[in-house]
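K.L.:
sharing a model that was predicted from the sequence below.
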There are 2 protein chains.
Amino acid sequence: MNLKELATKLGLSPTTVSRALNGYPEVNETTREKVLAAARRYNYQPNTRAIRLATGRALAVGHVIPVATRHEIVNPIFADFIAGAGEVYSRNGYDMVLSVVPDDQEEQTYRALKTRGTVDGVIVHAPRLNDPRIPLLNDIGLPFVVHGRATGTTLPYSWVDVNNRRAFQRAAEFLLDLGHSRIGLVNGLEFMDFAIRRRTGYLDALSARGIAPDPQLMFQDQMTELAGFSAARAMLALAVPPTGFLVASMISGMGVRRAVESLGLVVGRDVSIIIHDDELSYLPNGGEVPLFTATRSSVREAGRLSAEMLLSLIARQGSGPQEHLLEAELIIGQSTGPAPRKD
Amino acid sequence: MNLKELATKLGLSPTTVSRALNGYPEVNETTREKVLAAARRYNYQPNTRAIRLATGRALAVGHVIPVATRHEIVNPIFADFIAGAGEVYSRNGYDMVLSVVPDDQEEQTYRALKTRGTVDGVIVHAPRLNDPRIPLLNDIGLPFVVHGRATGTTLPYSWVDVNNRRAFQRAAEFLLDLGHSRIGLVNGLEFMDFAIRRRTGYLDALSARGIAPDPQLMFQDQMTELAGFSAARAMLALAVPPTGFLVASMISGMGVRRAVESLGLVVGRDVSIIIHDDELSYLPNGGEVPLFTATRSSVREAGRLSAEMLLSLIARQGSGPQEHLLEAELIIGQSTGPAPRKD
DNA sequence: GTGAAAGCGCTAACAT
DNA sequence: ATGTTAGCGCTTTCAC
């Protein structure tokens, strides 16, 4: 059933039916009712392909995932973000187009997305320092919203971010309040914007207490189990080992936990671990570990907000770049003071 | 630059230009050269929206992810599969449309995908026993390929699957050959088709050696770190604990490893662990654990094969359902015989 | 308030 | 081998 057939059945022109369906004000209300009833009755579904051609809009939003950072797709953050964004898209009749491309083809992909009219806008994930995608997208005129921020970028742009600096600052303060003074930082790679901010928050908390940061307690690496394990083992082998850990991700947090336990230490008694972005969909920790988390809902919320922001940019309802900073929720599980010195 | 403009510049009709560009045989080769050169020169990019409307094809493939199984998206398997499939799609000018929907809207989503003409076909992920999606898609006439198989389904359908039964059988045989006789199975939820097949492989290996399965050594649960930890702890607390483990996923495998180490046991000396789908993108295990894996490349390969199969179904090149069974690669790291009894 | 007609940028008969 | 002519199913002026 297409528009023309529906119009014929109603004894109306396609124009009027179209207007009635799309909420144009000039349609007689009784006519509109009839049209809507018939559309429902015949299960009329407009052909998206025709709408796209006629309007020149793609009715789709792109998410480009370079394969080099493919692990991003297995990041629980990504999954929850996508779930939140997907909700908004489908509510607005938009599709989500996922492009998984070799990282040397990222620029080319964005250009093709624009010139072929595949999407009306894109979400930029995992921004890095001076991220080249921002000037690129600006240049080719493809509307975009960044999930996170790109330190070093001078151009204005729209973004939605969790307050990573504040999150790590509060987590560190929490450990400091418990009496910990040697706190190990197990961070992600510090060319990622969020990792920089997290380190800053950690340092801010230390400096507010007049504690000088110890480079031996600050690790950055991929957020894998093995990297977390290695970092924690190295720190625990120090002459004066840390009694608390601040970890950037659930996955590396599991490595840290294993490192601690493999030395016969007990988490929550001898050592406190605070994991960022804990308690996400597929990795419940069973409430065993003192927690700090951005919480699942806030990441979903970030997805929703980003998607809404992008759709409003596409509709040009927005005036200039929009920005939104979400606060992370501090969730406390068991907690413990510093471990007794064993000397 | 559109087709008409390009044709005018060349002094040809749009038809000829279209034919030249699309490789139709009736075009004069010198004409074709000229057209291709001009297209490159003016950076002509055909408007996908117009092609879609004119041909009635969506040039897109759908992947529907119900939010209830949202963890599927954070599954390394999913990421590698998507990477492989995405490669094929982009090589063929197809888009990948991802729909993340509440699980009670799954059927409705497939119907809408069909009636609105959003996609030409779909990939079905994570099939369950008697999966209702297969009759549904058959019913609405949307071409599909299943990644995995759905035991209990009577309708013929196309699929690509890893030989899970054989994989677990070989892994169990490997442990049996080392002298292990008490082998714990840490499986995924056994309403998932792949989990059923894995259990079958495990049981086949035991029965071939005349070993009766012990229900206390067979666990099924979500494939999370905590579930792996709990299952392994429970088994290790038995009067006669297992000396080997067969684990369904990297994530639960980390829980099993932690459980083992938390008891002061050493992996590779006291206990052997074999993890399926290990060594995927973001979870290197550092070669510490005896490995068994479907390997990253085979999952990517499954993605590629599924995508190719689907595109061929869409083009109706295929005659009847196609099937493809991939063998998993057995990768051996350190290995060990059974732990000495400590009584 | 409704309709006729043109057009979005291609493809695909049907000529020639 | 190339061109002419209709569409694909909508939206959108422009008339009435």
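P.N.:
Sure, I can see it. Residues are numbered from 1 along each chain as shown, chains lettered A, B, ... in the order given.

K.L.:
all contacts plus neighbour counts: C-alpha atoms, from now on.
P.N.:
Will do.

K.L.:
for the stretch 151-300 of chain A, which segments are assigned as helices?
P.N.:
A:164-177, A:193-208, A:225-236, A:250-262, A:296-314 (DSSP state H, counting those that start in this stretch).

K.L.:
possible to save the ones you listed as CSV with distance to B:G117, mean pLDDT and mean neighbour count?
P.N.:
CSV is the format used below for the helices of the stretch 151-300 of chain A (distance: least, C-alpha to C-alpha, whole Å; pLDDT from 0 to 100; neighbours: other C-alpha atoms under 10 Å in any protein chain shown):
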stretch, distance to B:G117, mean pLDDT, mean neighbour count
helix A:164-177, 42, 91, 22
helix A:193-208, 39, 96, 21
helix A:225-236, 43, 94, 23
helix A:250-262, 40, 86, 25
helix A:296-314, 22, 90, 23
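
K.L.:
okay if I get these as TSV plus distance to B:D120?
P.N.:
TSV is the format used below for those (distance: least, C-alpha to C-alpha, whole Å):
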stretch	distance to B:D120
helix A:164-177	41
helix A:193-208	39
helix A:225-236	39
helix A:250-262	37
helix A:296-314	25
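
K.L.:
do you know which of the ones you listed lies nearest A:A39?
P.N.:
A:A39 sits nearest to helix A:296-314 of all these, at 26.6 Å, using C-alpha to C-alpha.

K.L.:
just how off-centre is that closest one within its chain?
P.N.:
Centroid separation between helix A:296-314 and its chain, computed with C-alpha atoms, centre = their mean, to the nearest Å, is 9 Å.

K.L.:
any idea how far A:H63 is from the residue nearest to A:F81 when sequence neighbours are not counted?
P.N.:
Excluding its sequence neighbours, the residue lying closest to A:F81 (C-alpha to C-alpha, 6 or more residues apart in numbering or on different chains) is A:G303, at 4.3 Å. Applying C-alpha to C-alpha, to the nearest Å, the value for A:G303 to A:H63 is 12 Å.

K.L.:
A:L217 now?
P.N.:
For A:L217, the distance to A:H63 - C-alpha to C-alpha - is 36 Å.

K.L.:
and for A:I82?
P.N.:
Taking C-alpha to C-alpha, one finds A:I82 at 9 Å from A:H63.

K.L.:
do the same with A:G320
P.N.:
A:G320 is 22 Å from A:H63, by C-alpha to C-alpha.

K.L.:
more neighbours, the two?
P.N.:
Higher neighbour count among A:G320 and A:H63: A:H63, with 19 against 11, using other C-alpha atoms under 10 Å in any protein chain shown.

K.L.:
which residue, other than its chain neighbours, is closest to the more buried one?
P.N.:
A:L98 (5.0 Å).

K.L.:
which residues sit against the helix or strand encompassing that neighbour?
P.N.:
Taking DSSP states H and E as the criterion, A:L98 maps to strand A:95-101. With contacts defined as C-alpha atoms under 8 Å, 6 or more residues apart in numbering or on different chains, strand A:95-101 is touched by A:59-67, A:86, A:89, A:109, A:119, B:82-83, B:86-87, B:95-99.

K.L.:
where does pLDDT dip in the stretch 51-200 of chain A?
P.N.:
A:68-77 (pLDDT under 70).

K.L.:
list, one by one, the residues from it near DNA strand D.
P.N.:
Within the stretch 51-200 of chain A, the residues that sit near DNA strand D (C-alpha under 7 Å from any atom of the strand) are A:I51, A:L53, A:A54, A:T55.

K.L.:
do that again at 10 Å, thanks
P.N.:
With C-alpha under 10 Å from any atom of the strand as the criterion, the stretch 51-200 of chain A comes near DNA strand D at residues A:I51, A:R52, A:L53, A:A54, A:T55, A:G56, A:R57.

K.L.:
assumed the fourth one was part of a helix.
P.N.:
Which is A:A54. Yes - per DSSP: H, G, I helix; E, B strand; the rest coil, A:A54 lies within a helix segment.

K.L.:
which strand or helix spans the spatially most central residue of chain A?
P.N.:
With distances taken as C-alpha atoms, centre = their mean, the residue of chain A nearest its centroid is A:F81 (4.9 Å). Here A:F81, judged by DSSP H and E, is contained in helix A:76-91.

K.L.:
that helix to helix A:296-314, inter-axis angle?
P.N.:
Helix A:76-91 and helix A:296-314 meet at an angle of 50 degrees, taking axes from the mean of the first three to the mean of the last three C-alpha atoms, to 10 degrees as the criterion.

K.L.:
and helix A:76-91, what does it pack onto?
P.N.:
strand A:95-101, helix A:296-314, strand B:95-101 (3 or more C-alpha pairs under 8 Å, 6 or more residues apart in numbering or on different chains; DSSP states H and E).

K.L.:
following the second one, which helix or strand comes up?
P.N.:
Note on helix A:296-314: by DSSP H and E, the next helix or strand toward the C-terminus is strand A:323-326.

K.L.:
rewinding a little: and the helices of the stretch 151-300 of chain A as CSV, adding distance to DNA strand C?
P.N.:
CSV is the format used below for the helices of the stretch 151-300 of chain A (distance: least, C-alpha to the nearest atom of the strand, whole Å):
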stretch, distance to DNA strand C
helix A:164-177, 44
helix A:193-208, 39
helix A:225-236, 49
helix A:250-262, 47
helix A:296-314, 18
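
K.L.:
can you tell which of those is closest to A:R19?
P.N.:
Nearest to A:R19, of the helices of the stretch 151-300 of chain A and by C-alpha to C-alpha, is helix A:296-314 at 22.1 Å.

K.L.:
tell me if the closest one is near DNA strand D.
P.N.:
No - Helix A:296-314 lies apart from DNA strand D when judged by C-alpha under 10 Å from any atom of the strand; the minimum separation is 14.1 Å.

K.L.:
which residues touch the residue of the stretch 51-200 of chain A found nearest DNA strand C?
P.N.:
Per C-alpha to the nearest atom of the strand, A:A54 is where the stretch 51-200 of chain A lies closest to DNA strand C, at 3.3 Å. Listed by C-alpha under 8 Å, 6+ apart, A:A54 has no contact partners.

K.L.:
looking at this, A:G62 is in a strand?
P.N.:
Yes - counting by three-state DSSP, one finds A:G62 located in a strand.

K.L.:
measure it to B:E323 for me?
P.N.:
32 Å.

K.L.:
more neighbours, these two?
P.N.:
A:G62 (22 against 17).

K.L.:
can you name the residue of the stretch 51-200 of chain A nearest DNA strand D?
P.N.:
For the stretch 51-200 of chain A, C-alpha to the nearest atom of the strand, closest residue to DNA strand D: A:A54, 4.1 Å.

K.L.:
right, I'll call it a day here.
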